[in-house]
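**Q** Make a model of this:
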Amino acid sequence: MRKASAKSSLHTQPQEQPMFTTYDLRNFLEGLAILFAIGYWGTMLLLLWFLVRFAYKKPKQNAGKILSGSLTAAVILILFVWIIPKQFGPSKEEIQAQEEWDRKYKEAEAVFNEQCKTAGEKIYRTVGNVEGIMLLKVVPESTVSADTKTRDPMWDNAALQTSEGVNFIARFLGFFGGGKYRYVDVLQPNHSDIVRYSGKDFPLNQALNPRHPARYAVTFENNVDPKLRRHWVAGATIQIIDRQTDEVIAEKTTYAFEKGLGGTGGARMPWAFAISCENKEIFPSKLPTFVTSVLKPYQPEQETQNVKH
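**A** Below is the predicted model of the structure:
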């Protein structure tokens, strides 16, 4: 039997550019509001300056202009400072509601940032030319709609947002832009039987208890701590294990934050807009991408000696 190529290293992932999210849009709109306010008050002050300058240009020759200019300036001041803001500005209740939301957001953001201090990847060893992997667990098929899931602060899959059921398995076979292993072994709930999945189309091929199960296994744990979820913060940990040595060769801890705090205005699906600690959107390929960065799928065109796993 040929031995798999392995490399020991502390792996550093390349930094990706943060993607434009709905919260970037919100910040952009808030910036526009600030610019509008500056323009509003700037226009008012400029207009007052012109009026006063005009009224006092020749005060000794036309005292009436002084009174007229002063009254006009006073009217404009009242209009801009009191009448317009009162008619078109936010109400007291709206201001209080916004202040309360801001308080909750700052509290939630602080919780998220604290959790992110423990997030990250630890890759102790990578393995090349791996033909297949074992999944110690599979994200179960949901019985509720996507809309219902993403509105639930306790949604198990919120941090990873992976595919479910057979689609979760298929991602590691190259479906949906996932990994490209030749087969995926799945440990069954009885912790004894193994089903091997393979194929390039649905339905996938299945074989019970293969003679040589995959050496490297993948598992994950979702963090559904209610203390975090009340702030719309979710977490998950992924581990990759060498079953032959019972060694954890890589692990990843990640957190997600729904910056809208569960807001559903405009048919919004809250968890769908969550961001990770790297301020990036969360994609279903996140888990398979990490796995393939550690367990490199078999490349038949490579002229290296490899072993089937």
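**Q** For the chain, which residues score under the pLDDT cut-off?
**A** Applying pLDDT under 70 to the chain picks out residues 1-33, 36-37, 39-41, 44-45, 47-89, 178-179, 301-309.
**Q** any chance you could map the helices in it?
**A** Ranges of helices within the chain are 22-55, 63-78, 84-88, 92-116, 146-150, 165-171, 226-229, 286-294, based on DSSP state H.
**Q** what's the residue lying closest to Q161 once chain neighbours are set aside in contact with, if anything?
**A** Computed as CB to CB, 6 or more residues apart in numbering, the closest residue to Q161 that is not its neighbour in sequence is I282, at 5.0 Å. (Glycine included, C-beta is placed from N, CA and C.) Neighbouring residues of I282 by CB atoms under 8 Å, 6 or more residues apart in numbering: 159-161, 256, 274-276.
**Q** Next: Y181.
**A** Y181 touches 130-133, 172-174, 297-298, counting by CB under 8 Å, 6+ apart.
**Q** now S91
**A** Counting by CB under 8 Å, 6+ apart, there are no residues that S91 touches.
**Q** again, but for W232
**A** The neighbourhood of W232, defined by CB under 8 Å, 6+ apart, consists of 108, 153, 257-262, 270, 274.
**Q** Over to A274?
**A** A274 touches 158, 161, 232, 234, 256-259, 281-282, counting by CB under 8 Å, 6+ apart.
**Q** Redo those as CSV? Include distance to F112.
**A** Output for these, formatted as CSV (distance: CB to CB, whole Å):
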residue, distance to F112
A158, 13
Q161, 16
W232, 9
A234, 10
A256, 9
F257, 4
E258, 9
K259, 9
E281, 15
I282, 13
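**Q** tell me the domain ranges of this protein?
**A** 6-14+121-297, 24-98 (automatic domain parsing).
**Q** For the closest residue to L204 other than its chain neighbours, grab the count of nearby residues.
**A** Using CB to CB, 6+ apart and skipping the chain neighbours, the partner closest in space to L204 is Y197 (4.7 Å). By the measure other CB atoms under 10 Å, the count of residues near Y197 is 21.
**Q** Surely Y197 touches Q206?
**A** Yes: taking contacts as CB atoms under 8 Å, Y197 lies within contact range of Q206: 6.0 Å.
**Q** Among the contacts of A274, name the ones in strands.
**A** Of the positions in these, 234, 256-257 sit in strands, assigned by DSSP state E.
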